[in-house]
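> Dropping a prediction and its sequence here:
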Amino acid sequence: MKYFNCIESLILNNGVSIPWLGIGLWKVYEEEEVVNTIKSAVQFGYRSIDTAANYKNEESVGKAIKKVDVSRNELFITTKVWNTHQGYESTLNAFEESRKKLDLEYIDLFLIHWPVKGKYKETWKALEKLYKEGFVRAIGVSNFQEHHLQDLLKDCQVKPMVNQVEFHPYLTQKSLHTFCKEHNIQLEAWSPLMKGKVVNIPQIKTLAKKYNKTCAQIVLRWNIQLGVVTIPKSVNKDRIKENADLFDFNLDQNDIDLLNNLNRDYRIGPDPDNFDL
């Protein structure tokens, strides 16, 4: 089987390279489906694989990594500590459990999954320890708002490299994006395709026709041109392949502006300031 390597990368604030495009694995539970999804993704150039303790598929991800025909150091593996495991010691224990399930010596990116009030700063101290000891190549957060980041930045020893958040045409989070750029924290988009709903947005349909691309390709390209790393989820081999076909065209600035202006502050997932997970 021929493998492609078409995915471009960028450099995080600590010098580590992260691919612009990754494969998301939320709600992909069955081992066979996880393995097939990752094998297809790697075949079509993906090198970034995003999982989490709460996805309940880390063991399957670990098995898939062993079955792909690329070396470990070509892959970028992300996982996350879940809310109920936050705190200093419990985070260290949770990381070790994740690492064992993935059967990896190190993790490329370890994230705090949600900003659990009263716990995320102690959790961050644990991530700093793991980073300094070389068990993770980069550390970051997920679903953090500006005020969470401001609180963390007050006394952290290591600045977050990534903030992974819900980001799509109906939720552009302009202020948060600006804040992250000002502090050299890379924004990463989960649910960039709005669970497939982008295909129903007329303006995106029009752009897809203009560029002879799919609606998904238009949105993912928009992410990248805005400087946002993107991790669409799909288990469909054809869509996985299509979603990687992003690096042979650019959107005009007027079309980027059009997509920016679709924002409705509409969330598919929970509000980080009001969640019960």
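Right, received. Where do you want to start? This one's a predicted model, so the numbers in the text were calculated from it and none came from an experiment.
> Next one, pLDDT for Phe4 please.
pLDDT, Phe4: 47.
> all helices of the stretch 101-250 of the chain, in order?
Remark: helices assigned in the stretch 101-250 of the chain by DSSP state H, counting those that start in this stretch are 120-132, 146-155, 174-182, 202-211, 215-225, 237-243.
> Could I get the contacting residues of the residue lying farthest from the centre of the chain?
Farthest-out residue of the chain from its mean C-alpha position, per C-alpha atoms, centre = their mean: Lys210, at 28.2 Å. Lys210 sits next to Asp255 when contact means C-beta atoms under 8 Å, 6 or more residues apart in numbering. C-betas here are computed from N, CA, C, even on glycine.
> what does the one 3 residues further on give?
Contact analysis of Lys213 by C-beta under 8 Å, 6+ apart lists Leu207, Arg221, Asp245, Phe249.
> Please apply the same query to Lys154.
Contacts of Lys154 (C-beta under 8 Å, 6+ apart): none.
> all strands for this protein, in order.
With strands called from DSSP state E, the chain shows them at 9-11, 17-19, 22-24, 48-50, 76-81, 107-112, 136-142, 162-166, 186-190, 229-230.
> Quick check: which of those is nearest to Glu59?
strand 76-81 (11.6 Å; C-beta to C-beta).
> Can you pull the poorly scored residue ranges out of the stretch 101-250 of the chain?
Applying pLDDT under 70 to the stretch 101-250 of the chain flags no residue at all.
> related to what we said a few turns ago, can you check the contacts of Lys213 and name whichever has the most neighbours?
Arg221 (24 neighbours; other C-beta atoms under 10 Å).
> tell me the contacts of that residue?
Lys213, Leu246, Phe249, Asn250, Leu251.
> before we move on, the earlier item: put together TSV for the strands of the chain, with mean neighbour count and distance to Pro202 on each row.
Output for the strands of the chain, formatted as TSV (neighbours: other C-beta atoms under 10 Å; distance: least, C-beta to C-beta, whole Å):
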stretch	mean neighbour count	distance to Pro202
strand 9-11	12	31
strand 17-19	19	31
strand 22-24	26	26
strand 48-50	26	30
strand 76-81	26	34
strand 107-112	25	35
strand 136-142	24	31
strand 162-166	24	22
strand 186-190	24	22
strand 229-230	26	22
